[in-house]
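Student: Please work out how this folds:
(chains A and B)
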Amino acid sequence: MADPTPEKLSPIALHKALDRIWRTGPGWQRLSAVNHTVLGKRFMLTAFVFFAIGGLLAMLIRAQLATPDSAFVGPEIYNQLFSMHGTVMMFLFAIPMLEGLAIYLLPKMLGARDLAFPRLTAYGYWCYLFGGTIIVASMLFGVAPNSGWFMYTPLSSQPYTPGINADIWLLGVTFVEISAVSAAVEITVSVLKLRAPGMSLDRMPLFAWYMLVTALMMVFGFPPLILGSTLLELERAFDLPFFDPTRGGDPLLWQHLFWLFGHPEVYIIFLPAAGVLSTIIPVFAQRQIVGYHAIIAAIVALAFLSFGLWVHHMFTVGIPHLALAFFSAASALVAIPTAVQIFAWLATLAHGKPRFDIPMLYVTGFFLVFVIGGLTGVMLAMVPFDQQAHDSYFVVAHLHYVLVGGFVFPMLAAIYFWLPHITGRETMHRISVPAFWLIFVGFNLTFFMMHLTGLMGMPRRIYTYPSNFGWDWLNLLSSVGGFILTMGFALFAVDMILQFRFGRRFRRNIWKAATLDWAMPTRPPSYAFASLPRIDKRADAIDPDSLGAQLAAGHGYLGFARKGRMETLGVDMTTGRLEHVVILPRPTYLPLVSAALTGAMVLCLLFKLYPLALLFALATLASFFFWAARTGSTADEGPIDVGRGEQALPDTEVDGPTPWWAMVFTLAANGTLFASLVFGALYLWLIAPGWPPAEIASGDIWLVGATLLLVVAAGLMRWVNGLNRSGKAFMPVLMATLAIDLAALGMFSATLLMLPDPTTHAHIATVAALIGYSWLHAFGGFALGLHAVLKARNGYVSARRSLSPRLAGLWHDYTAVTGVVGGALVLLMPALIGMLEGVR
Amino acid sequence: MEPTPVPPRSMLVIVMGFVSWSAAFVGLYAINAIGCAFAWPAALQRWVMIGLTLIASGSMVVVAWWSIGHWRRAVKAARPAPSLARIGAIASVAALAATIFVFAPSLFVSMCL
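Tutor: Numbers count the residues shown, from 1 in each chain, chains lettered A, B, ... in the order given. As a prediction, this is how the structure comes out:
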């Protein structure tokens, strides 16, 4: 029977009751924070610290290049400076900054109390902090990465970069990428499932659309880099020659894998910034955005096209002509959906009644800087021009115009726009305006000159230059501009501190915005909304002032504190129909512990302490078991009251709960990694020198047997879930599945042991990687099956509460499919290699 | 009134056009690479690439046609979230344009280095 409706409280009593449940404790308890407001701020603040570090490195670079034949730093230090500047800005500032903004804002814009997986947010933050610290700390010991931020092989391979410099990049960045992918899964599921009832997809504010598309791009865009980094680290640590052309590898495989990530990355950075612009511009234009549907179609087009142009970073490496034409056309074409957005913003301003304030200064700066960057991008999309300007300072100028114009300026606008939301205080204009002009003038002085030095032939990444090329005065001006830019950012930082300390307090909705994030007190309370709204029109056209007062009085959904539980609502993905109640986990130190164990594993890998690394990997896995130990419910609750006279089932008792969707998107990311691995194996076969290999790894009966066992295990898991659905005993079949998983592990191990030496040729190394992939997934299937056993034993599984065995089933299905594809490829390799005879 | 639940796959209409474009892109790029690596005769390569471009373009015409029809039907039947169908139609037409623009070089650009 459903619980009685919880007692109705006065607004003050409701605030106190909810705050007791949702708040993060003081002192050391801050380390247990899982709240999106707290973690969003931490992400952004940490990103700004890294931004300052990256900026200081840029200053050192400009100091070195200010004059010809400079002896300020030597070539080795200079290599570390530019490598670290790029790495810090791309991986430790841009991505985490956009994640932080999304984590802080999304639940508030969507009418939810938090994101779908608060502990995952916390784990992602700690992974980011630890990974970033490892990378930055390496500078103190003089062992920072020094092969450039895209780490081209063979320069970054062991013979040419001995020591741990490159390992720090590979392991540290992969560590940070774990954080990014986890954030992407979390954002995707949160946007799709955790919205206010009534907020159908076509009522979502544009910022949520942008973040949904960005997060999906991260889900599909980051795995190729994770794979590339793993393969390169395997080559450096164990001599598996994936990128060594003397043993059947190919350095260009690294470039493909890197830019498969790297070009979408530019749009991953730009799209959230464009989401900010699509939110801010209507507020200051005092009208709704023009072209809502066209903008959504444009960002979908942009997302796909951005994956089809990675080779424009490789126009000079020797790609077939026709393929060059495809990539060139796609690179030029991507300007069109970008332009659709720019014209929509301009039309919004033209049809509105624009008013001025500090965020609009930065929006104007964005228009000017980004359009120049976009136009030089179209120039570089043309193959003949790119071949002339490749790896010159023209490219450096272009990428800074795109990234600073397309990300930093909108982010500064965002900070001025939402800082009052965070602090509850108004902006102080006195310093803001000169800070903008210093940043704008300094930026253009620094980087416009680089177009010219580039066209005059100055290559990027040289630590000094002679004075007879005519580059001297342009470089000096660039350096002067760089220091003006730094003064601007210093003034910006002072402005922020002053606003925190002296800004005038205000009540609510300072900008007269029309989105839900302003329908709450500012600073926002720990629970975001005292009650959740019902949305009956587009969520960027609401009246936050009246709605906010109603919600604070508890007149919306869940306007009560029930059993000390952190509750929010889940909806049907498309229509926004109320579906279920999501019960979120309380603050816990577990994410910190798991991230510390993961960090320890990374450090052990870095110092080649492999047995210890394995121990920490298992400890990390064990810690995840603790995460899940008490989630869920030990009894079927049935529909529960959610306020406004409606009822809904708890998350644990519905078909599509949030963890299910998280697993679906995690497997989508995993599938992209697997597809990249298959691409790598086929690419080496088709393109790499040194083929056919002297010795062929064909796989054998053990591989066939192991693959069949994966299929059997997947079938058994389906049986388990069928039995559970019909309320029958499933434990014996589940135990049999675990036994089959173990048998598959044993057979895969035997196959690996019987392979020829994988260090002799990339063919054998890729076969080992494919079999290793299936081994790991069979192990994952065993672990998830074991988890289902434990949950069932402790009473968390019933016909309705079926999440654990269903997650194990989904994993087993995936493992079987990838196992069959990988196994078939291994078995087909001898035939494929045979086709090379007479051709190569 | 509460809208009827819509299965998540209904969202695929938004990405259908560009998923098809991506598949065509990967296919054409791979066939071009294989043709060059195995030194297929130039005429054979040309006709294979033209054939694939025509198949891709024809498929995209079908996808765009269906998407526009889907949008019209959604509006007429007042189905939930007709805007998604509208966005899907715009995106599919854009994907068709992208197909023609990006793969047109198959008709005239030299195949290999």
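
Student: Any regions of chain B where pLDDT drops low?
Tutor: By pLDDT under 70, the weakly predicted segments of chain B are B:1-8, B:78-81.

Student: As a check, name the ranges of all helices in it.
Tutor: Assigned helices in chain B, in chain order: B:12-37, B:42-76, B:82-103 (criterion: DSSP state H).

Student: any chance of those helices in JSON lines, plus distance to A:Thr486 and mean neighbour count?
Tutor: Glycine gets a C-beta too; all of them are placed from N, C-alpha and C. Shown next, in JSON lines, are the helices of chain B (distance: least, C-beta to C-beta, whole Å; neighbours: other C-beta atoms under 10 Å in any protein chain shown):
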{"stretch": "helix B:12-37", "distance to A:Thr486": "41", "mean neighbour count": "20"}
{"stretch": "helix B:42-76", "distance to A:Thr486": "49", "mean neighbour count": "16"}
{"stretch": "helix B:82-103", "distance to A:Thr486": "41", "mean neighbour count": "24"}
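
Student: you'd agree A:Ala648 is in a strand?
Tutor: Yes. Note on A:Ala648: a strand contains this position according to DSSP: H, G, I helix; E, B strand; the rest coil.

Student: Check which helices and strands the helix or strand hosting A:Val602 sits against.
Tutor: Using DSSP states H and E, A:Val602 sits within helix A:590-606. Of the remaining helices and strands, those touching helix A:590-606 by 3 or more C-beta pairs under 8 Å, 6 or more residues apart in numbering or on different chains; DSSP states H and E are helix A:118-140, helix A:165-193, helix A:610-629.

Student: got the angle for the second one vs helix A:118-140?
Tutor: Taking axes from the mean of the first three to the mean of the last three C-alpha atoms, to 10 degrees, one finds that helix A:165-193 is oriented at 160 degrees with respect to helix A:118-140.

Student: quick check, the helix or strand following helix A:165-193 touching chain B?
Tutor: Counting by DSSP H and E, the element after helix A:165-193 in chain order, helix or strand, is helix A:206-238. No. In terms of C-beta under 8 Å from any C-beta of the partner chain, no part of helix A:206-238 sits within range of chain B; the closest distance is 9.1 Å.

Student: Can you list the buried residues in the helix or strand hosting A:Thr453?
Tutor: Secondary-structure element containing A:Thr453, defined by DSSP H and E: helix A:429-455. Of the residues in helix A:429-455, A:431-432, A:435-436, A:438-440, A:442-454 count as buried by neighbour count, 16 or more other C-beta atoms under 10 Å in any protein chain shown.

Student: Please report phi then psi for A:Pro159.
Tutor: Reported as degrees, to the nearest 10, the phi and psi values for A:Pro159 are phi -60, psi -30.

Student: Show the pLDDT at it.
Tutor: Here the pLDDT value assigned to A:Pro159 is 93.

Student: What of the one 4 residues further on?
Tutor: A:Gly163 carries a pLDDT value of 91.

Student: so how many other residues sit close to it?
Tutor: 11 (other C-beta atoms under 10 Å in any protein chain shown).

Student: I figured it was touching A:Pro145, is that so?
Tutor: No. Taking contact to mean C-beta atoms under 8 Å, the distance of 10.5 Å between A:Gly163 and A:Pro145 leaves them out of contact.

Student: how close does whichever residue of the stretch 601-750 of chain A sits closest to chain B get to B:Met16?
Tutor: Checking the stretch 601-750 of chain A residue by residue against chain B with C-beta to the nearest C-beta singles out A:Leu686 as nearest, at 5.0 Å. The gap separating A:Leu686 from B:Met16 is 30 Å, by C-beta to C-beta, to the nearest Å.

Student: A:Arg430 now?
Tutor: A:Arg430 sits at a distance of 53 Å from B:Met16 (criterion: C-beta to C-beta).

Student: Next, the contact list for the residue of the stretch 601-750 of chain A closest to chain B, please.
Tutor: The contact partners of A:Leu686, by C-beta atoms under 8 Å, 6 or more residues apart in numbering or on different chains, come to B:33-34, B:37.

Student: ok, now A:Thr279?
Tutor: Taking C-beta under 8 Å, 6+ apart, we find A:Thr279 in contact with A:205-207, A:417, A:513, A:515, A:540.

Student: so who does A:Met449 touch?
Tutor: With C-beta under 8 Å, 6+ apart as the criterion, the residues that contact A:Met449 are A:397, A:474-475, A:477-478, A:481.

Student: Nearest to A:Arg505, out of the helices of chain B?
Tutor: Go through the helices of chain B one by one with C-beta to C-beta and the one that ends up closest to A:Arg505 is helix B:82-103, at 39.7 Å.
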